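Participant: Could you look at this predicted model? Sequence included:
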Amino acid sequence: MSAGWRSIAVSDRLARRLLTEASLADLLDRAGLDAVVLGLERLDPRSPEEHHLDPASLAAVLARRIPGTRLLIAAANHREHPWNLARAVASLQTILPAGSGLVLGSRDLTVAGGRPGALAWDVRDLAKPVDIGPEATVETGVVSRKLWDGYPYDAIIADPAAYIDLERVHASDHHGIYDVAGPLPVPTRGRPLLSLFVPDGVPADVPSAFDSVTVPLEVAGEIGADAYGGRPLIAYVRDPGDLVRAGGDGRWRGVQALATDDRTLLAALAVLGRG
Amino acid sequence: MTDDGRRLFLAYNLRSYGVSPRAWLSPGLTGREIFTAEYWSRTARLAERGLFDAVFSGDSAQFLGFNRIDLDGLDRFVQWASVVPDTERIGVIVTASTTYNDPYRLAERLLSLDHLSAGRVSWNLVTTFAEDAAANFGLARHPERGLRYRRAEDFAEVVVRLWDSAGDGPEVAHHSGHFTVSGRLPLPRSPQGRPPIIRASSSSEGRGLAGRLASAVFDSALTIEEAQARYRMVKSDARDAGRRPADLAYLPGVRIVLGSTSAEARARVDELFTEDPITRTQHEVWFGGLIGVPVADLDQERPISPAVLEAAIAAAEAGRDHLRASTLAVLAETPRLPLSEHLRRTRYLSGGHGTFVGAPEQLADRMEHWFRSYAADGFVIAPDLVTETLPILVDEVVPLLQERGIYKREYASSTLAGHLRAASGQVGEVAA
């Protein structure tokens, strides 16, 4: 197995088991993974899950059980605004011991239907509507990175003269598909990871705000290493039996396994874990 | 308890480190605690030891760098989720705006945290008062009040229907001028039936919504007479909507500077005045409004002229401002005191915020008086210093309230809806 990126996407059902099964959580935490991802089933057309908890709240609760592992949340700018998403991730990044990040997709398959043409963000006549699509999602990532970078944690000086050093804080002042002034109300400690989730594998130009692009293994067959503007590729592997093969493919920076129960978690850890 | 079985409902307002503009400089604080799970968790754990019904914080969707008091901008779901693993009974009140959220997304997030906490979540519904949030969401300007409240009414209806759709309830097909939502929430039904909704003020625009859908109304009332009038109004709103008055609690906020002794509390106020020029300036502005003449126009070493006081009292009485009239009457009792001494003594009165300054016995007296006089069903307590005040409340004030028979000696319920029902004198859990 290569020394590249290793992460496991944990289903809601398995995450709830981890909240109560200390030994299972401990095993996961000691595996030395780069990250655990929560909520990916929202973005994955093949997910069989019935119930879907808000991954941000789930991450904050689960972090107590796996404190040594970075917890990423999966989300889409679908019935949600980039400012709210960025704030949730910044909050997790700052408050969780091992940090956080975002696996960002265009479509959340679990949400109720909205107004056609305004599915990403709809405030009627108050602001221009935003429809779901790759451009709006890429821009959501760009805006999020600007917001996280704009209010770094070291701006909190807690000095008798001033609580915040305002010289270190910068508004994002973004104008595009979204207009977002910023800054956030919470500083960002360190750097949240940001990966673009592309379920259909269609190539696109992905800016450097993103650390990687995550693509399901079965659609990645023809993708070249430069398919996404040079952004590192992570193969999303649903079947633990495919992990070794995927890990040996030189195009990928690493692999992300899917675990939905104890069996698939243990199978993934057997290949990916260092502990 | 009172004859009708009521007991106090208490929430602790964790507004950053406290409402004092220098709260973050308290000894023992680094000033960065609000960005740790441990701060929120240990505070909630202590409040739970004191049998508080809930912890609470407000929220706004904007940068807080120019704010002297609101320093913590954590996503409120992340913040309260971090106290869930270490607590079992205490409720968490999540403030979220109907102007800068999607109702589906908010309903989902609230119900998710409700499940993770086994039924301890309530939604404090706000429309966002501050204008700076608009530019974060691509709005040219903050929506005007009427529009915000119309949107809030529709928003709340959608959220409640989505909560009812959970667990294979009826699908929502909502198409209005504000929202399009068709589907259901992919979650089980709340252990509380529905998470309780709290209406953040008693303003006239929100009354219908509160009457129909809320379990409590937060408010800021400076005098007991004002509070009693609003109490009656809130209860009648519940009746008008076909509900029992006990189903809608009236919970005024009370800002406190609490010491183990009165002298200790006053000393804390003195220190703030000594160290913080803005507090001194704000107090002088308030005092100038009280006597009807700017403080800068007067000689602080001389008494206030009788003519000025008489004119101010007449104006207060004509305007039926009982608080102003009674405060001026106190000043008039010592006509030879210099203005500077009046300024110092009024620091402890209210400063225009209805702040209590004193010791546990006096705070228990005040709360009991308001509660038994039907001016409050409980309080949202906002301390000047969050960390210093909570142990005194837990160890000294709560026992006094228990001795007086107006506070519980143990949790009767494990859900926030259950706490509200128990405080109103109703027994039993809400059916899910």
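Facilitator: Thanks, I have it.
Participant: residue in the stretch 301-432 of chain B nearest to chain A?
Facilitator: Proximity of the stretch 301-432 of chain B to chain A (CB to the nearest CB) peaks at B:T387, 14.6 Å away. Any C-beta I mention is one placed from the backbone N, CA and C, and that applies to glycine too.
Participant: for the chain, what helix or strand is lowest in average pLDDT?
Facilitator: Chain wasn't specified; assuming chain A. helix A:243-247 (a mean of 86; mean pLDDT, DSSP states H and E).
Participant: Chain B is the one I meant
Facilitator: In chain B, no helix or strand scores lower on mean pLDDT, DSSP H and E than helix B:322-332, which sits at a mean of 85.
Participant: If we go by neighbour counts, what in that helix is buried?
Facilitator: Residues B:L323, B:R324, B:A325, B:T327, B:L328, B:L331 are the ones in helix B:322-332 that count as buried (16 or more other CB atoms under 10 Å in any protein chain shown).
Participant: again, but for stretch B:390-405
Facilitator: B:L390, B:I392, B:L393, B:V394, B:E396, B:V397, B:V398, B:L400, B:L401, B:Q402, B:R404.
Participant: roughly how far is it from the heart of the chain?
Facilitator: Relative to the chain's own centre, stretch B:390-405 is displaced by 19 Å; criterion: CA atoms, centre = their mean, to the nearest Å.
Participant: Same check on stretch B:142-155?
Facilitator: For stretch B:142-155 - counting by CA atoms, centre = their mean - the centre lies 21 Å from the chain centre.
Participant: CA-only coordinates of that stretch, as CSV, when you get a sec.
Facilitator: C-alpha atoms of stretch B:142-155 as CSV (Å, rounded to 0.1, in the frame of the first residue of the first chain):
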residue,chain,number,x,y,z
HIS,B,142,-31.2,44.0,5.3
PRO,B,143,-34.9,43.2,4.7
GLU,B,144,-37.3,45.6,6.5
ARG,B,145,-39.0,44.5,9.6
GLY,B,146,-42.4,43.7,8.1
LEU,B,147,-40.9,41.5,5.4
ARG,B,148,-38.7,39.7,7.9
TYR,B,149,-41.7,38.9,10.1
ARG,B,150,-43.8,37.7,7.2
ARG,B,151,-41.0,35.5,6.1
ALA,B,152,-40.5,34.2,9.6
GLU,B,153,-44.2,33.2,9.9
ASP,B,154,-44.0,31.2,6.7
PHE,B,155,-40.5,29.8,7.7
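Participant: how about that stretch: buried residues?
Facilitator: By neighbour count on 16+ other CB under 10 Å, the buried set for stretch B:142-155 is B:H142, B:P143, B:R148, B:Y149, B:R151, B:A152, B:E153, B:D154, B:F155.
Participant: which other helices and strands contact the least confident helix or strand of chain B?
Facilitator: helix B:277-291, helix B:306-318, helix B:339-346 (3 or more CB pairs under 8 Å, 6 or more residues apart in numbering or on different chains; DSSP states H and E).
Participant: quick revisit: is it possible to export the buried residues of helix B:322-332 to TSV including distance to A:G241?
Facilitator: Output for the buried residues of helix B:322-332, formatted as TSV (distance: CB to CB, whole Å):
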residue	distance to A:G241
B:L323	74
B:R324	78
B:A325	82
B:T327	78
B:L328	83
B:L331	84
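Participant: The longest strand belonging to chain B: how far from the chain's middle?
Facilitator: Ranked by number of residues, the top strand in chain B under DSSP state E is strand B:249-258. Mean C-alpha position of strand B:249-258 versus that of the full chain (CA atoms, centre = their mean) differs by 6 Å.
Participant: What mean pLDDT does the helix or strand just after that strand get?
Facilitator: Using DSSP states H and E, the helix or strand that follows strand B:249-258 towards the C-terminus is helix B:262-275. Mean pLDDT, helix B:262-275: 91.
Participant: so where does the residue in chain B positioned nearest to chain A fall, helix or strand?
Facilitator: Nearest to chain A, among the residues of chain B, is B:G73, at 2.4 Å (CB to the nearest CB). Secondary structure assigned from DSSP H and E places B:G73 in neither a helix nor a strand.
Participant: how much space is there between it and B:Y100?
Facilitator: The gap separating B:G73 from B:Y100 is 13 Å, by CB to CB, to the nearest Å.
Participant: Which one's more surrounded, those two?
Facilitator: The neighbour count for B:G73 versus B:Y100, taken as other CB atoms under 10 Å in any protein chain shown, is higher for B:G73 (27 against 24).
Participant: what's the closest non-adjacent residue to the more buried one?
Facilitator: Spatial nearest neighbour of B:G73, excluding adjacent residues (CB to CB, 6 or more residues apart in numbering or on different chains): A:P185 at 2.4 Å.
Participant: got the contact list for whichever strand or helix holds the residue of the stretch 301-432 of chain B closest to chain A?
Facilitator: Using DSSP H and E, B:T387 sits within helix B:386-392. With CB atoms under 8 Å, 6 or more residues apart in numbering or on different chains as the contact definition, helix B:386-392 has outside contacts at B:12, B:14-18, B:23, B:26, B:28-29, B:43, B:46-47, B:50, B:256, B:258-260, B:360, B:383.
Participant: ok, and does the longest helix along chain B reach over to chain A?
Facilitator: As assigned by DSSP state H, the longest helix anywhere in chain B is helix B:145-165. Yes. Legend: contact between helix B:145-165 and chain A by CB under 8 Å from any CB of the partner chain is shown at B:L162.
Participant: from the middle of its chain, how far away would the helix or strand following that helix be?
Facilitator: Sequence-wise, the next helix or strand downstream of helix B:145-165 (DSSP H and E) is strand B:172-175. Computed by CA atoms, centre = their mean, the chain-centroid distance of strand B:172-175 equals 33 Å.
Participant: Heading C-terminal from strand B:172-175, find the next helix or strand.
Facilitator: Next helix or strand after strand B:172-175 toward the C-terminus (DSSP H and E): strand B:180-183.
Participant: mind listing what's buried in that following strand?
Facilitator: By 16+ other CB under 10 Å, the buried positions in strand B:180-183 come out as B:T180, B:V181, B:G183.
Participant: B:S190: neighbour count?
Facilitator: Around B:S190 there are 24 residues (other CB under 10 Å).
Participant: May I ask you to confirm that A:S7 is in contact with A:A35?
Facilitator: Yes. Contact criterion CB atoms under 8 Å: A:S7 and A:A35 qualify, at 4.2 Å.
Participant: which residues are common contacts for the two?
Facilitator: Counting by CB under 8 Å, 6+ apart, the contacts common to A:S7 and A:A35 are A:L72.
Participant: Looking at these two, which one has more neighbours?
Facilitator: A:S7 (26 against 22).
Participant: Appreciated, that's everything.
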